[in-house]
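J.: Mind looking at a prediction? Sequence and model below.
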Amino acid sequence: MRTETLQVTGIRCERCVLRLGKALEDHDGLELANANLMGVVTLRYDEERTSLQALLVKMSNAGFRASDPVRP
Amino acid sequence: MTIKQNWSEEFTVGVEEELMILDAETFEQRPEVDEIIAGVGAVDGEVKQELFASVVELTSGVCETPAQAIEKLRALRGAASRAAGEHGLVLAGAGSHPLSDPKTQSIASNPRYSEFVAYAGISAKRQGVSGLHVHVGMPDADACLRTLERVLPWLPVVLALSANSPYFDGRESGMMSIRAEILGILPRHGAPPAFETFADWERFVERFVAAGLVPGYSALHWDIRPHPTFGTLEIRAADQPTSLGHTGRLVLLLYGLCVWAIEQPVLAPDAGRRGVYEQNRWAAARFGPRATLLHPERDGFAGVPELYAELVERIGVVPGFDPATCEGDRQLAVGRAEGLRAVCADLAARSVP
């Protein structure tokens, strides 16, 4: 299982957060997706069933482009 | 006078950091900002003068997200540190310098700073303090003022969490953010007046400009202000962090606060709101994360970690944020154990990304 925290463009309100969640819903291998108003998205996924690239494409298709990783 | 407006629908972000320039061996401040600017060369962002010649300003320019701004600042801190190293200097981020007397520091070679010092006198010469300024893009002037009024009551929480200036003029000041108090001796400081419309704000600026008191609205030193030329709301409440990681956390927090605030209903006028703000601002500056604050939006009071938890419920978790402490705590711990020069050494070491 792998966890990535990254930042996306396109989140302007609570509705955008819900829309991003909807875009990733039922994605095979995605264990957890958490987005917030800061545009910070945490993804936990099974590397054997999906990839970060596949998740980024899905988010991008919904209008959320990955920017940079968030370094704590 | 027409003030140029460049609002945009995107929530862009821009960040300005102010780093002190120190001698690498003695850790005293050195007025060599021009040498550092010349040594940095071409970079993505800007390296600029500030009021004092012993401070360098790094600006990210317009970014799409907070994380992008932080990555630009990482490169800028690196480039400026290398340029400083060429002259036997190091950079250090903090709200104040633990050792130096600001009155003895040289003013940068820009006529606008000399003119300001000639007018403001000792209140300008005592400004040996550094802050973190965050710009968030706004869609229009009304949204900017509406967001300002919603964000302002929460800024003492941000100040408390950013507090990083416990020393001034070689001594413990007794404040976790002496910077906030020192800013208070400037003209046009603290909370802005409560403007009902952007036209009111414009008239206010025009009056000050016509009187020759300010060259433009950028000389209004409020904790938060509209910046219509950039199309942003500019938030200037936080002390300058030492670690870039803490800069990143504060920028995320302020960005999220703006995204939340812009969707909220207009706040009804309340004569007491600015008074509550002033009390909370003082308490945050005095006690940092241990401050008890009047609740920003309702009756009652709460500690800073509790109020931070309320913000998290609204905007989400800021990765790595510990609301029980601030960087000023570390300065005091190092200073009491090893002395103020050790504090300076620690600040310099932690400022390099």
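T.: Done, it's in.
J.: Please make it C-alpha for all contacts and neighbour counts, starting now.
T.: Fine.
J.: got the contact list for the closest residue to chain B within chain A?
T.: Residue nearest to chain B within chain A: A:M38 (4.4 Å; C-alpha to the nearest C-alpha). Going by C-alpha atoms under 8 Å, 6 or more residues apart in numbering or on different chains, A:M38 touches A:I11, B:L252, B:L253, B:Y255, B:G256, B:V259, B:I315, B:G316.
J.: Give me the spatial nearest neighbour of the first one, chain neighbours excluded.
T.: Distance criterion C-alpha to C-alpha, 6 or more residues apart in numbering or on different chains; nearest residue to A:I11, sequence neighbours excluded, is A:G39 at 5.6 Å.
J.: still on that earlier bit, now the two most distant members of the contacts of A:M38.
T.: By the measure C-alpha to C-alpha, A:I11 and B:L253 form the most distant pair in the contacts of A:M38, at 14.6 Å.
J.: Adjacent strands (with direction) for the helix or strand of chain A with the lowest mean pLDDT?
T.: Counting by mean pLDDT, DSSP states H and E, the weakest-scoring helix or strand in chain A turns out to be strand A:66-69, with a mean of 87. Sheet pairing here is set by DSSP bridges, and for strand A:66-69 it gives strand A:2-8 (antiparallel).
J.: Buried residues in the partner strand, which are they?
T.: For strand A:2-8, burial by neighbour count (16 or more other C-alpha atoms under 10 Å in any protein chain shown) applies to A:T5, A:L6, A:Q7, A:V8.
J.: pLDDT on it, on average?
T.: Confidence over strand A:2-8, taken as the mean pLDDT, stands at 94.
J.: got it, and stretch B:113-124?
T.: For stretch B:113-124, the mean per-residue pLDDT is 91.
J.: cool, and stretch A:25-36?
T.: Regarding stretch A:25-36, the rounded mean pLDDT is 95.
J.: what do you get for stretch B:171-180?
T.: The average pLDDT for stretch B:171-180 rounds to 98.
J.: cool, and stretch B:31-41?
T.: Over the span of stretch B:31-41, the pLDDT mean works out to 96.
J.: got a list of contacts for it?
T.: So stretch B:31-41 is contacted by B:21, B:47-49, B:52-56, B:79-80, B:82-84, B:105-106, B:108 (C-alpha under 8 Å, 6+ apart).
J.: again, but for stretch A:47-60
T.: A:M1, A:R2, A:L20, A:A23, A:L24, A:D28, A:G29, A:L30, A:Y45, A:R65, A:A66.
J.: correct me, but the second one touches A:R44?
T.: Yes - with contacts defined as C-alpha atoms under 8 Å, A:R2 counts as touching A:R44 at a distance of 5.5 Å.
J.: Counting neighbours, which of the contacts of stretch B:31-41 end up buried?
T.: For the contacts of stretch B:31-41, buried by 16+ other C-alpha under 10 Å: B:21, B:47, B:49, B:52-56, B:79-80, B:82-84, B:105-106, B:108.
J.: Do you have the helices of chain A handy? List them.
T.: A:14-24, A:52-61 (DSSP state H).
J.: Columns mean neighbour count and distance to B:R336 on top of these, output as JSON lines?
T.: Shown next, in JSON lines, are the helices of chain A (neighbours: other C-alpha atoms under 10 Å in any protein chain shown; distance: least, C-alpha to C-alpha, whole Å):
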{"stretch": "helix A:14-24", "mean neighbour count": "17", "distance to B:R336": "46"}
{"stretch": "helix A:52-61", "mean neighbour count": "15", "distance to B:R336": "47"}
